[in-house]
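*Asks:* Got a sequence here, can you build the structure:
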Amino acid sequence: MTDQTLAPPSALPRAIPDRPRWSLSPKVRRAVLTVHIVTSVGLLGDCATLLAASLYAAGADDPAAATSTYELMSVFSFVFGIPLSFASLISGLVIGFATKWGVLRHWWVTAKLLLIVSVILVGALVIGPSEAIMIDGDGGRETALSIAAGYQIAALLLATSLSVFKPRGRTRR
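*Replies:* The predicted structure is shown next:
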């Protein structure tokens, strides 16, 4: 054996320290966590409303009622969906940078980040354009709207479950 000895695992440097990048006081951290929870729950409610409205409009016998419902969906997406999505994303990033969990250290946090980004993308690329098509009276996007809203609900429920259970496992990063 050479004069190099193996160091015990506790003496090896860690690739990523467990200390947060930012330091927040406990009150500020709790306030940001509260904002994150409230905006995430609000977003879940908005997505549930979009799903219920899309199902109602798809089955409506009155075209005027369906159009009005799609217009209301568009308002809900703009007034609630967009701000709540970005508030949830930003508050989640702040929490990640200010806690031991990090943003890309643990796979469940990374999964939550990818889920909220996917919710935003589905809203921007599927729900928004589909609502516009349906308001114009062109039709044919009923199924896409319902599936997209259903996906958003499933993604947000999965993100909530990951927050509660915090499955073990670190990313390679």
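*Asks:* what about H36, neighbour count?
*Replies:* For H36, the neighbour count with other CB atoms under 10 Å is 21. From N, CA and C alone the C-beta is placed, and that goes for glycine too.
*Asks:* show me what contacts it?
*Replies:* 88, 91-92, 95 (CB atoms under 8 Å, 6 or more residues apart in numbering).
*Asks:* who wins for neighbours among those residues?
*Replies:* Highest neighbour count within the contacts of H36, by other CB under 10 Å: S88, with 26 neighbours.
*Asks:* ok, that one touching L115?
*Replies:* No. Using CB atoms under 8 Å, S88 makes no contact with L115, being 10.3 Å away.
*Asks:* which stretches of the chain have low pLDDT?
*Replies:* The chain contains residues with pLDDT under 70 at 1-18, 173.
*Asks:* those helices in it, which residues are they?
*Replies:* 26-59, 63-76, 82-98, 107-122, 128-135, 142-165 (DSSP state H).
*Asks:* Same list (the contacts of H36) but as CSV, adding distance to W101.
*Replies:* Listed next are the contacts of H36 as CSV, based on distance: CB to CB, whole Å:
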residue, distance to W101
S88, 16
S91, 14
G92, 10
I95, 8
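*Asks:* Just give me the residue right at the centre of the protein.
*Replies:* The chain has I116 as the residue nearest its centroid, 2.3 Å off, counting by CA atoms, centre = their mean.
*Asks:* what's near enough to touch it?
*Replies:* Contacts of I116 (CB under 8 Å, 6+ apart): 85, 88-89, 92, 155, 159.
*Asks:* Same check on V126?
*Replies:* The contact partners of V126, by CB under 8 Å, 6+ apart, come to 144-145, 148.
*Asks:* how close does T69 get to G128?
*Replies:* Going from T69 to G128 by CB to CB, to the nearest Å gives 16 Å.
*Asks:* Next, format the helices of the chain as JSON lines and append distance to T171.
*Replies:* Putting these into JSON lines (distance: least, CB to CB, whole Å) gives the following:
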{"stretch": "helix 26-59", "distance to T171": "21"}
{"stretch": "helix 63-76", "distance to T171": "35"}
{"stretch": "helix 82-98", "distance to T171": "12"}
{"stretch": "helix 107-122", "distance to T171": "5"}
{"stretch": "helix 128-135", "distance to T171": "32"}
{"stretch": "helix 142-165", "distance to T171": "14"}
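*Asks:* which one of those helices lies closest to P20?
*Replies:* Across the helices of the chain, P20 has its closest neighbour in helix 82-98 (5.1 Å, CB to CB).
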